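Peer 1: Sequence and predicted model, in that order:
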Amino acid sequence: GAGGGGLGGLDQVLCAPFSVLRCPNMKLKLGLDVGSGGSSNTPFLLLFALYFLIISGAVYVVINQPPSMGTERNPQTGALRTVAFMAGRINGQYIIEGLSAGCAMALGGAGFVMLDRANDRNVTIVNNRMILTMGGMISILSSLGLCQLFVRIKIPNYLL
């Protein structure tokens, strides 16, 4: 109907299986329960570790199996030297390159967490608030500098 708010026939089709079937009453317990003696930071730390792994390119490493580091030939002497960054290739990375970029990004994320903790009501000591604020700002700025450095190594002459 006009302005009735129902979905008409689609509502009946979607509800039909539930008139015959009954959802089981399952009491599932997840291992992240805070009241069971675990820390309240456990879910955060697990998600932060997952964030680090994803940003580091763990999926890329599993699929493509790149070497941990590469080699580059010195044009003057012809000697091989090890390199940690696959310069010039945007879509490729060495394992060490991914881990170092993941550390830089995680450092920035930790800086934002410190800034958030500095604004918490429970932080009443001025020195703790100042330390968290300065630590957060230093972490974020360090992360920014490292990421810019990594982009300059990865893509020479970019935005110069």
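Peer 2: Here it is on my side, so go on.

Peer 1: Quick check: the closest residue to Leu115 other than its chain neighbours vs Asp120, distance?
Peer 2: Leaving aside its chain neighbours, Leu115 sits nearest to Gly136 (3.8 Å; criterion: CB to CB, 6 or more residues apart in numbering). Every residue, glycine included, has its C-beta placed from N, CA and C. Distance, Gly136 to Asp120, using CB to CB, to the nearest Å: 12 Å.

Peer 1: rewinding a little: hmm, Gly108 and the residue nearest to Leu115 touching each other?
Peer 2: No - applying CB atoms under 8 Å as the test, Gly136 and Gly108 come out as separate, 9.8 Å apart.

Peer 1: Show me the residue at the heart of this protein, geometrically.
Peer 2: Against the mean C-alpha coordinate of the chain, by CA atoms, centre = their mean, the closest residue is Tyr51 at 2.6 Å.

Peer 1: between Gly136 and Asp120, which one's more packed in?
Peer 2: Legend: neighbour count by other CB atoms under 10 Å for Gly136 and Asp120, higher for Gly136 (21 against 11).

Peer 1: what helix or strand is that one on?
Peer 2: Using DSSP states H and E, Gly136 falls within helix 126-154.

Peer 1: So what's the model's average confidence on that helix?
Peer 2: Regarding helix 126-154, the rounded mean pLDDT is 95.

Peer 1: Against which helices or strands is that helix packed?
Peer 2: helix 95-118 (3 or more CB pairs under 8 Å, 6 or more residues apart in numbering; DSSP states H and E).

Peer 1: Against which helices or strands is the helix it packs on packed?
Peer 2: Judged by 3+ CB pairs under 8 Å, 6+ apart, helix 95-118 is in contact with helix 42-56, helix 58-64, helix 126-154.

Peer 1: out of the ones you listed, nearest to Val83?
Peer 2: helix 126-154 (9.2 Å; CB to CB).

Peer 1: circling back to that earlier point, I'd like the helices and strands packed on helix 95-118 as a markdown table, with distance to Gly70 appended.
Peer 2: Shown next, in a markdown table, are the helices and strands packed on helix 95-118 (distance: least, CB to CB, whole Å):
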| stretch | distance to Gly70 |
| --- | --- |
| helix 42-56 | 17 |
| helix 58-64 | 13 |
| helix 126-154 | 13 |
